[in-house]
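Engineer: Sharing a model prediction with you, sequence too.
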Amino acid sequence: DTGVSQDPRHKITKRGQNVTFRCDPISEHNRLYWYRQTLGQGPEFLTYFQNEAQLEKSRLLSDRFSAERPKGSFSTLEIQRTEQGDSAMYLCASSPIAGGQETQYFGPGTRLLVL
Amino acid sequence: SQQGEEDPQALSIQEGENATMNCSYKTSINNLQWYRQNSGRGLVHLILIRSNEREKHSGRLRVTLDTSKKSSSLLITASRAADTASYFCATDANDYKLSFGAGTTVTVRA
């Protein structure tokens, strides 16, 4: 399977714990994006990388959130001191750079439940 | 904040009928994309229409774009049970982040 993969698919944690999600993009894609989706809503942009550089972070990404993409390959999203409001689906997407206007290909998502 | 708004919020149709949903947005865009999401799953890309295009087809899908009205429509012809899903429009205004609407939930009855 050469699509975007995410791990884990589901995560249940207690409030205050730290969690880390991983995203493996399509191998030749330079751009990687993180979105968050709550129930009944569309995805909301969190951050994106071009190769290993994190180029923009949404105001939704509080200081408890950190994302990395070492070596421009896979990416991790860490949430520290989780809160119940962090419960959501976290989606990763990737795209090539080709003068822009490229399709973003999404992974299956990681569903987080904070108790 | 979400730029796109889909209408209707929900749609129920008989198998074989056509389904039409609309998307309105607020700012200038480079392109508009439509995605499908089955319950609890990731998003599947359906079609991308650029700001200088007015209509695009892909199989049973037809998308229109009216930049003067800042609106788009997605038509699914001859619907099937497998088309049951949520459909989202997403606008690309600046070449990287997508802004999604809240989606239209389509139910196709057998």
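Structural biologist: Arrived safely, thanks for sending.

Engineer: Run a quick neighbour tally on the closest residue to chain B within chain A.
Structural biologist: Minimum separation of chain A from chain B (Cβ to the nearest Cβ) falls at residue A:42, amounting to 3.1 Å. Quick note: C-beta positions are derived from backbone N, CA and C, even for glycine. By other Cβ atoms under 10 Å in any protein chain shown, the residues close to residue A:42 number 25.

Engineer: Could you double-check that it lies in contact with residue B:105?
Structural biologist: No: between residue A:42 and residue B:105 there is no contact, the gap being 11.8 Å when judged by Cβ atoms under 8 Å.

Engineer: Could you give the bridge partners of the residue in chain B positioned nearest to chain A?
Structural biologist: Residue of chain B nearest chain A, by Cβ to the nearest Cβ: residue B:100 (3.1 Å). As for beta bridges, residue B:100 partners with residue B:90 under DSSP bridges.

Engineer: Tell me who's in contact with it.
Structural biologist: Listed by Cβ atoms under 8 Å, 6 or more residues apart in numbering or on different chains, the contact set of residue B:100 reads A:42-44, B:2, B:4, B:35, B:88-90.

Engineer: Cross the residues you listed against strands and list the overlap.
Structural biologist: Counted as lying in strands by DSSP state E, out of those, are A:44, B:35, B:88-90.

Engineer: Closest to residue B:21 out of those residues?
Structural biologist: Set against residue B:21, the nearest of those by Cβ to Cβ is residue B:89 (8.3 Å).

Engineer: That closest one and residue B:36 touch, don't they?
Structural biologist: No: in this structure, residue B:89 is not within contact of residue B:36 by Cβ under 8 Å, at 11.1 Å.

Engineer: out of those two, which sits in the more crowded spot?
Structural biologist: Per other Cβ under 10 Å, whichever of residue B:89 and residue B:36 has more neighbours is residue B:89, with 31 against 20.
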